[in-house]
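A.B. asks: Structure, please.
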Amino acid sequence: MNNLALIVMDMQVGNFTGPDPIYKWKELLSNILSLIAQMRSIKAPIIYIQNNGGKGDPDEPGTPGWDIHPSISPIEGDITIQKSTPDAFHKTSLKSELKRMKIGKLIIVGLQSEYCIDTTCRRAFNLGYEVVLVEDAHSTWDSELLSAQKIIDHHNNVLGSWFVSLKRTKEF
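C.D. replies: Sure, this is the predicted structure:
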């Protein structure tokens, strides 16, 4: 049994549609699809985290935007956990699922770099997990102050200095 799991954060249809899709979305989906295939080949668990947005949000439960993107959607045996905060552990079953499967190492990918990725990486580290952040498999949008690429680079730098090990998709 592997003691690692792939955590796929908030890769929901609403983040890829409309006039302002997530930054480098085609590369992001390709990289995550590659990682999913690799994890399935070694029978490592894949855990999808699905955000429950508010009324009118692109990821409002029950709307088409809430679904996991079809190019990387879960299959039988994968786990999907719903959350309503940036922390995938807060008021969810993630910790108990990881404990049940005897998981000690998390590979984290998905959205959004400065919110759910950052918060979940820090929380996982504080809970004692070995955390690998795939530096070219998480993304965000431009903000008023920084480009999406600068936000991604900043979070790779900050998280990589203490909380996570950084790897690129091709290193797996």
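
A.B. asks: Every contact and neighbour count from this point should use C-alpha atoms.
C.D. replies: OK.

A.B. asks: Just checking the distance from the strand ranked longest in the chain to the centre of its chain.
C.D. replies: Of all segments of type strand in the chain, defined using DSSP state E, the longest is strand 130-139. Relative to the centre of its chain, strand 130-139 is centred 8 Å away, using CA atoms, centre = their mean, to the nearest Å.

A.B. asks: Could I get the buried residue list for it?
C.D. replies: Neighbour-count burial for strand 130-139, counted by 16 or more other CA atoms under 10 Å, picks out 130-139.

A.B. asks: and what of stretch 97-107?
C.D. replies: So for stretch 97-107, counting by 16+ other CA under 10 Å, buried means 98, 103-107.

A.B. asks: okay, how far is it across that stretch, tip to tip?
C.D. replies: One end of stretch 97-107 to the other measures 15 Å (CA to CA, to the nearest Å).

A.B. asks: Equivalent analysis for stretch 5-16, please.
C.D. replies: Stretch 5-16: ends 25 Å apart by CA to CA.

A.B. asks: For the longest helix along the chain, which residues meet the burial criterion?
C.D. replies: Taking DSSP state H as the criterion, the chain has its longest helix at helix 25-41. For helix 25-41, a neighbour-count test (16+ other CA under 10 Å) marks 25, 28-29, 31-36, 39 as buried.
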